[in-house]
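S.K.: Attaching a predicted model along with its sequence, questions to come.
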Amino acid sequence: MNKKPAYISNRFNFETAVGSSIIDELPLWSAPFGIELLNQIEFKSNLKVLDIGFGTGFPLIEIGQRLGASSTVYGIDPWGPSHTRTMQKIKFYGLKNIKLIKGIAENIPLKNKSIDLIVSNNGVNNVSDMNRVFSECSRISKSGAQFLISVNLNRTMFEFYDIMKEVLNGYRLIEELKNVDMHIYEKRKPVSEIKSLFINNGFEIVKITRKSFKMKFKDGDTFFNHSLIKIGFLSGWEKLLDNKHREKVFKEIRKRMNRTAKKSGYIEMTIPYIVISARKR
């Protein structure tokens, strides 16, 4: 009989939850990034738009509604449940100007120089090959097309990662420490590298907006039991450790977070992010 890890409670099956319309990540995670991104869109008539990694439909559906019938908004995402959930919303709102593409952004099935606006709300940092994605975005963009992305930065939840590194160091888990640094780099590239991707693919950076928000939790127990952490982060963190060390490390992390909460009354996580607005040369 498999023993449930002591540092969490029930796990969520994300695919089942999204497909059955149980969850929607918009209010908690996507909105802070997406609202700033929406504020920087140049809304016009007759636009051809692409949203990369539309998830459960934000900001894809919002853009479609704001632009209206004269524009066509494409959304590309490889994940079946994303299409199921988003299509439910599209049908409910009666929207005719949104088209979904099941595929990856490394191979976008749209014509050369056909798109006026590309957006990606915390999506391009989750693809397999960012260089290929930016090359594809360059290919499909008209001259003067706007390209807007939001990404959270490598100091995201540094409060958690600092504790994790302290624990790993205490157990002399040197390879695991390296795994943590590589995990952060793979998920959240430095701003300098992201800027280079734009420039090397024929885009001129117009504006970079830096912002952040904080998430507070009562203690380490509520942190690990929160739906966002269990759905979006925990499995990735667990893969950084082998079975031999995983449970003791996470139990110690939780213990230290609870100790901090007892002193301060809560724990908090900082989420820094940027929105980059660029234009095709």
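M.R.: Nice, thanks for sending it over.

S.K.: the strands in the protein, which residues?
M.R.: Here the chain has its strands, by DSSP state E, at 48-52, 72-77, 98-102, 115-121, 141-152, 203-217, 267-280.

S.K.: now residue 190, nearest residue through space, not along the chain?
M.R.: residue 154 (6.6 Å; C-beta to C-beta, 6 or more residues apart in numbering). Just so you know, the C-beta spots here come from the backbone N, C-alpha and C atoms, and that holds for glycine as well.

S.K.: count of residues packed around the one you found?
M.R.: The number of residues packed near residue 154 is 16, by other C-beta atoms under 10 Å.

S.K.: For it, grab phi and psi.
M.R.: Geometry field for residue 154 lists phi and psi as phi -70, psi 0, criterion degrees, to the nearest 10.

S.K.: where's it relative to residue 191, distance?
M.R.: Look at residue 154 and residue 191: by C-beta to C-beta, to the nearest Å, they are 9 Å apart.

S.K.: Likewise for residue 266?
M.R.: From residue 266 across to residue 191, the span is 30 Å (C-beta to C-beta).

S.K.: Which one of the two is surrounded by more residues?
M.R.: residue 191 (15 against 12).

S.K.: Just list the residues touching that one, thanks.
M.R.: 153, 208, 274 (C-beta atoms under 8 Å, 6 or more residues apart in numbering).

S.K.: Mind doing that once more with 7 Å?
M.R.: Applying C-beta atoms under 7 Å, 6 or more residues apart in numbering to residue 191 gives the contacts residue 274.

S.K.: Roughly how far does it sit from residue 115?
M.R.: Computed as C-beta to C-beta, the residue 191 to residue 115 distance reads 24 Å.

S.K.: With residue 63 instead?
M.R.: From residue 63 to residue 115 the distance is 13 Å (C-beta to C-beta).

S.K.: hey, what's in contact with both of these two?
M.R.: Shared contacts of residue 63 and residue 115 (C-beta under 7 Å, 6+ apart): residue 49.

S.K.: What count of nearby residues applies to residue 261?
M.R.: Neighbour number of residue 261 under other C-beta under 10 Å is 20.

S.K.: Looks like it contacts residue 268 (just checking).
M.R.: No. Residue 261 lies out of contact with residue 268 (C-beta atoms under 7 Å); the separation is 9.7 Å.

S.K.: ok so, going back, let me know whether the residue nearest to residue 190 touches residue 188 as I believe.
M.R.: Yes. Residue 154 lies in contact with residue 188 (C-beta under 7 Å); the separation is 4.2 Å.

S.K.: Tell me where the longest helix sits in the protein.
M.R.: helix 243-264 (DSSP state H).

S.K.: which of the residues in it are buried?
M.R.: For helix 243-264, burial by neighbour count (16 or more other C-beta atoms under 10 Å) applies to 246, 249, 250, 252, 253, 254, 256, 257, 258, 260, 261.

S.K.: quick one: pLDDT of the residue nearest to the last one when sequence neighbours are not counted?
M.R.: Nearest in space to residue 261, with sequence neighbours left out and distances taken as C-beta to C-beta, 6+ apart, is residue 219 at 3.7 Å. The predicted local confidence for residue 219 comes out at a pLDDT of 98.

S.K.: what does residue 30 give?
M.R.: 87.

S.K.: Spit out the contact partners of the residue most central in space within the chain.
M.R.: Centroid check for the chain by C-alpha atoms, centre = their mean gives residue 122 as the closest residue, at 3.8 Å. Contact analysis of residue 122 by C-beta under 7 Å, 6+ apart lists 30, 33, 150, 151, 152.
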